[in-house]
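Enquirer: when you get a sec, could you give me coordinates for this:
(one chain, ligands or ions: 1)
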Amino acid sequence: MKVSRTIIELQKCLKELSLSPVGFVPTMGALHEGHISLVKSAISQCPIVVISIFVNPTQFNDKNDLKNYPRTPEGDIALLKNALRETDIVFTPDVKEIYPEEDMREFHFGNLDNVMEALHRPHHFNGVAQVVSRLFDIVKPDIAFFGQKDFQQLAVVKALVKQTGDKVKITGNPIIREIDGLAMSSRNRLLDPGIRNRASIIYKTLSSANSMIGKYDIPEIKSYIKDAINNVPGFNVEYFEIVDDTELIPLTKKTDIRKGKRYYGCIAVQAGKIRLIDNIEIRLV
Ligand code: PAF
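Expert: Numbering: from 1, shown residues only. I've put the predicted structure just below:
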C-alpha cells in the first residue's frame, strides 16, 4: 500500500495506476473491524481502493468532542498494512489540504435536516456533506463505502450525491458488532470500563423492538426501549425513533407504516461521557 499526504501525490498515484473502478472508504481513523469490513468489501469489488483518514473539524459541533476524538495513527497504519494490497492508497491529508480556505457551503437535505442526529448535533451533516463532497472531488471514486451504523449519514450522503449529480455509487455495509452486541465504533475505546461492561444493553433492548412490533403500537415500544436503557446506571437515551430508510420520517403509530418501505429503529444514547448511536431493521411481517 502507499500513503499519500497531499492531493497532488494521491492524484499522481491514481493516474499512474489508472485502474478502475476506484473504490473509496472515507474514515476519521481510530480504525476497527467495522472499517476493515468496509475495506474488504471495497477490495472485493475494486482493483484500487483509497482509504482516507481525516478527522473533519467542520462536522463537530462541540470543540471538546473534536479535541477528544480518538486518534491512533500508528495502529491505523498497522491494521491497514494487513488488509490492503500494493495498489491501494491511504490518504492522510491535514486540515489545510482539505480546506485551504474556510468552507462556507451550505447543504439542505429536507426532512433529513429535521430529525434525530440533525436535531441533536446542529450543523453536523453540513460538515459531513462538505468533507464528503470535497473528498469525492479529490478521489473521484466510482464506488464509495459507508457503514450502516451511521444510518442518517448514509441517507445524507445518498441525498448529497443526488443533488450534486456525482456518478459515484454509494454502498451501505452492515453494522459490525462486538461479541456482546455493541456496535463497533471508534468512540467505544473512550468508554469507562464499567459503562463498557453494561453497554450491551443498547443492542439487547433495541432488538426487543422486533419482538414487540407485532403486539404493541409505536408509543409503547418507544417507552419500553427508553425506560429499559435509562434504568441502567450511567445510560440516558437521547432519542429512539422508528423511521423509513429514505426520508427518515418517524412513525407515530403503526397505521402509518407503508408497504414496500423498510423501517429502522434508530437510537442515540449518552453512555457515561460518550454518546453512542445504533440502529436495527424492524421486520414487519
Ligand atoms: O463516518 C465517518 O467516519 C465520517 O463522518 C466521514 C464519513 C468519514 C466524514 O468525515
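Enquirer: model confidence for the residue in the stretch 51-200 of the chain positioned nearest to the ligand, exactly?
Expert: Of the residues in the stretch 51-200 of the chain, the one nearest the ligand is Asn56, at a distance of 4.0 Å by C-beta to the nearest ligand atom. (C-beta placed from N, C-alpha, C; glycine too.) As predicted, Asn56 sits at a pLDDT of 98.
Enquirer: what sits against the closest residue to it other than its chain neighbours?
Expert: Take Asn56 and drop its neighbours on the chain: the residue closest to it by C-beta to C-beta, 6 or more residues apart in numbering is Val131, 4.1 Å away. Counting by C-beta atoms under 8 Å, 6 or more residues apart in numbering, Val131 touches Pro26, Phe54, Asn56, Thr58, Gln59, Ile98.
Enquirer: who's the residue lying closest to Leu190 once chain neighbours are set aside bridged to?
Expert: Computed as C-beta to C-beta, 6+ apart, the closest residue to Leu190 that is not its neighbour in sequence is Ile274, at 5.0 Å. Taking DSSP bridges, one finds Ala271 as the beta-bridge partners of Ile274.
Enquirer: interface residues of the protein facing the ligand?
Expert: By the rule C-beta under 6 Å from any ligand atom, the part of the chain lying against the ligand is Pro26, Thr27, Met28, Asn56, Gln59, Val128, Val131, Val132, Asp150, Gln153.
Enquirer: which residues does the nearest residue to the first one once chain neighbours are set aside form beta bridges with?
Expert: Going back to what we said before, that points to Pro26. In this structure, Pro26 finds its nearest non-sequential neighbour in Ser52, 4.9 Å apart by C-beta to C-beta, 6+ apart. Under DSSP bridges, the beta-bridge partners of Ser52 are Pro26, Phe91.
Enquirer: ok, Val3 next?
Expert: The partner list for Val3 in beta bridges (DSSP bridges) reads Val90.
Enquirer: measure how buried it is and give me the count.
Expert: Summarising burial for Val3: neighbours were counted as other C-beta atoms under 10 Å, giving 16.
Enquirer: which residues are in contact with it?
Expert: Ile77, Ile89, Val90, Thr92.
Enquirer: on the three-state scheme, the residue nearest to Asn56 is what?
Expert: Each residue gets one of three states, and Val131 gets helix by DSSP: H, G, I helix; E, B strand; the rest coil.
Enquirer: what's the span of stretch 117-124 from first residue to last?
Expert: Stretch 117-124 has its terminal residues 8 Å apart, counting by C-alpha to C-alpha, to the nearest Å.
Enquirer: mind listing what's buried along it?
Expert: Burial within stretch 117-124, assessed by neighbour count using 16 or more other C-beta atoms under 10 Å, is assigned to Glu117, Ala118, Arg121, His124.
Enquirer: same deal with stretch 98-113?
Expert: Applying a neighbour-count criterion of 16+ other C-beta under 10 Å, the buried positions in stretch 98-113 are Ile98, Tyr99, Asp103, Phe107, Phe109, Leu112.
Enquirer: save those residues as CSV, and put in pLDDT and secondary structure too.
Expert: Formatted as CSV, the entries for these read as follows, by pLDDT from 0 to 100; DSSP: H, G, I helix; E, B strand; the rest coil:
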residue, pLDDT, secondary structure
Ile98, 98, helix
Tyr99, 98, coil
Asp103, 98, coil
Phe107, 98, coil
Phe109, 97, coil
Leu112, 98, helix
